[in-house]
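Asker: The sequence and its predicted three-dimensional model are supplied below.
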Amino acid sequence: MLKSFLFCSLVVGLYAQTVIAGVEDLQAKFESQKQLLSTSFNQQKSQQVDRFEQAKLAYRDSFLNAQKRFSQQWDTPVLSSATTWVSYSEGDKVRRSLDFESGAYTIEVLGDKTQAQIDAIVVQQTERLLSATSSSAIKSDPVLNQIVSNNTPSNTPSNKLFTELDSTVITATKQQSAYRQAQGSKVTTVTMRFPQDKLSQRALQYIPQIKKQAHKWQVDPALIIAIMHTESHFNPVAQSHIPAYGLMQIVPYSAGRDVTRVHQGQERVLSADELFVPDYNIEVGSAYLNILEQRYLNDIADPNTRTFVAISAYNGGVGAVAKHFSGTGSLNKLAQSVNRMSSQQVYHSLVDDFPYKETRDYLKKVESKRQYYAPYF
């Protein structure tokens with residue numbers, strides 16, 4: 001009897017040890033797999049961060065190289081921005097710029113030239129501008145032509161920058177002046193004006209796409225066009241040093257990053273090529289407004305308050321707006337704070353007390369334009 005008991009105890013003990021060893025083995029394998037998955041995830045995350053950083057550095061390098069190149073002949077090298085397109089030609093001795101905000105078209109010529117030569121250059125450069133397309137504008141831009149791979153934006157409402165406009169209408173407004181650079185070379189400046197209706201007509205071309213994306217993403221179409229107007233003044237090749245690209249000035253590593261993660265299922269770097277396609281730019285901008293209003297700011301009760309906060313966040317970042325109202329980056333605390341205020345109190349807090357002047361002015365501009373465009377929708 002005792003022998004049987006001892007034998008059974010031995011068997012049970014051996015079985016228990018086997019079970020424990022098996023469990024420990026499974027646990028070790030689980031921890032190993034967990035570590036591998038964690039390492040793989042961190043590597044993928046690091047690679048993604050690297051891609052965003054590489055995209056930023058590529059633009060910065062192209063920008064700095066262009067500045068260095070033009071500073072060899074010009075006291076102040078001028079490059080394109082969100083509202084102004086700039087290009088150089090004739091061995092960098094002729095610079096032309098078009099300000100989409102004011103309608104000013106400026107041609108600057110280096111060197112001592114006769115009046116006949118200046119007049120010929122003005123006519124030639126104006127004709128080139130009137131035949132320019134978004135693709136050719138990118139190709140002739142000293143910064144963009146280094147980072148845009150195909151130089152061929154597609155799906156544009158009108159690929160030409162301007163249509164049905166005679167050069168005589170522009171040149172009739174020209175005013176000429178001259179000055180000497182610090183290095184001694186003469187610069188002749190000729191400034192002309194585009195009719196404002198030609199600039200505003202560009203906006204009308206985008207309305208069908210704005211309506212489509214507003215419906216898709218449940219965003220106010222007047223808000224979309226107001227942001228577009230404020231960001232780029234409908235410059236289809238808008239860029240900024242951040243960098244941001246296109247009509248709604250999409251920043252690939254912030255708005256673009258959020259849109260691809262939330263609405264496309266996988267975070268990725270949106271290229272300048274993609275963002276210079278007007279339809280796609282409007283879609284991404286509208287999708288980002290959807291994220292702001294219906295995800296990040298969804299707990300804000302008053303729709304007007306939510307709009308004011310979203311506009312400020314589009315420019316200054318949702319974290320900065322949260323900190324302004326609650327002292328922290330918490331979106332829950334942001335909602336709690338503004339829900340205790342009227343929409344007008346929130347508006348005045350943002351335009352009077354927000355720490356960044358650019359964002360204070362931005363809200364005023366966008367809201368004014370939103371009210372202006374509302375009857376069109």
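Answerer: In hand now; what should we look at?
Asker: what sits against the spatially most central residue of the chain?
Answerer: Ranked by distance to the mean C-alpha position of the chain (CA atoms, centre = their mean), the top residue is I250 at 1.9 Å. Taking CB atoms under 8 Å, 6 or more residues apart in numbering, we find I250 in contact with 244, 256, 270, 275, 281, 284-285, 288. C-betas here are computed from N, CA, C, even on glycine.
Asker: which residues pair with it across the strands?
Answerer: Counting by DSSP bridges, I250 is bridged to Y245.
Asker: What is the three-state secondary structure of the nearest residue to G246 once chain neighbours are set aside?
Answerer: Nearest residue to G246, sequence neighbours excluded (CB to CB, 6 or more residues apart in numbering): N281, at 3.7 Å. Secondary structure state of N281, per DSSP: H, G, I helix; E, B strand; the rest coil, is helix.
Asker: dump the residue contacts of N281.
Answerer: With CB under 8 Å, 6+ apart, N281 has these contacts: 245-248, 250, 275.
Asker: just those now: which is nearest Q209?
Answerer: L247 (9.8 Å; CB to CB).
Asker: is it true that the closest one lies in a helix?
Answerer: No: judged by three-state DSSP, L247 forms no part of a helix; its state is coil.
Asker: Run through the residues that contact it.
Answerer: 206, 228, 231-232, 234-236, 238, 278, 281-282, 285.
Asker: the strands in the stretch 51-200 of the chain, which residues?
Answerer: Counting by DSSP state E, counting those that start in this stretch, the stretch 51-200 of the chain has strands at residues 84-89, 94-99, 104-110, 175-180, 186-193.
Asker: For the third one, which helices and strands make contact with it?
Answerer: If you count contacts as 3 or more CB pairs under 8 Å, 6 or more residues apart in numbering; DSSP states H and E, strand 104-110 packs onto strand 94-99, helix 115-130, strand 186-193.
Asker: mean confidence for the second one?
Answerer: Pointing back at helix 115-130 there. Averaging pLDDT along helix 115-130 gives 93.
Asker: Then the last one?
Answerer: Confidence for strand 186-193, expressed as mean pLDDT, is 95.
Asker: Report how many residues lie close to S286.
Answerer: By the criterion of other CB atoms under 10 Å, S286 has 26 neighbours.
Asker: just N332 next, same as before
Answerer: Neighbours around N332, by other CB under 10 Å: 11.
Asker: do G317 as well
Answerer: Neighbour tally, G317, other CB under 10 Å: 15.
Asker: what's the distance between the closest residue to it other than its chain neighbours and K56?
Answerer: Using CB to CB, 6+ apart and skipping the chain neighbours, the partner closest in space to G317 is S254 (7.5 Å). S254 is 11 Å from K56, where distance means CB to CB, to the nearest Å.
Asker: related to what we said a few turns ago, would you mind saying which of the strands of the stretch 51-200 of the chain lies nearest G316?
Answerer: strand 84-89 (22.5 Å).
Asker: Can you list the strands that that closest one pairs with?
Answerer: strand 94-99 (antiparallel).
Asker: related to what we said a few turns ago, relative to R261, how far out is the residue nearest to G246?
Answerer: 18 Å.
Asker: Repeat that for K357.
Answerer: Counting by CB to CB - K357 and R261 are separated by 31 Å.
Asker: Neighbour count: the two, which is higher?
Answerer: With neighbours defined as other CB under 10 Å, K357 and R261 compare such that R261 has more, 14 against 8.
Asker: So which bits of the strand or helix carrying the more buried one are buried?
Answerer: For R261, the host element (DSSP states H and E) is helix 255-263. Of all the residues in helix 255-263, those buried under the rule 16 or more other CB atoms under 10 Å are 255-260.
Asker: can I get these in a markdown table with pLDDT and distance to I107?
Answerer: Shown next, in a markdown table, are the buried residues of helix 255-263 (pLDDT from 0 to 100; distance: CB to CB, whole Å):
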| residue | pLDDT | distance to I107 |
| --- | --- | --- |
| A255 | 94 | 35 |
| G256 | 94 | 35 |
| R257 | 93 | 39 |
| D258 | 95 | 41 |
| V259 | 96 | 39 |
| T260 | 95 | 40 |
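Asker: Turn those into JSON lines, including distance to D92.
Answerer: Converted to JSON lines, these look like this (distance: CB to CB, whole Å):
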{"residue": "A255", "distance to D92": "34"}
{"residue": "G256", "distance to D92": "32"}
{"residue": "R257", "distance to D92": "36"}
{"residue": "D258", "distance to D92": "39"}
{"residue": "V259", "distance to D92": "38"}
{"residue": "T260", "distance to D92": "38"}
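Asker: Can you name the two of those residues that sit furthest apart?
Answerer: Of all pairs drawn from those, the widest gap by CB to CB lies between A255 and T260 and measures 9.8 Å.
Asker: what do these two both touch?
Answerer: With CB under 8 Å, 6+ apart as the test, A255 and T260 reach no residue in common.
Asker: coming back round to it: to V346, which of the helices and strands packed on strand 104-110 lies closest?
Answerer: Using CB to CB, these put strand 94-99 closest to V346, at 33.4 Å.
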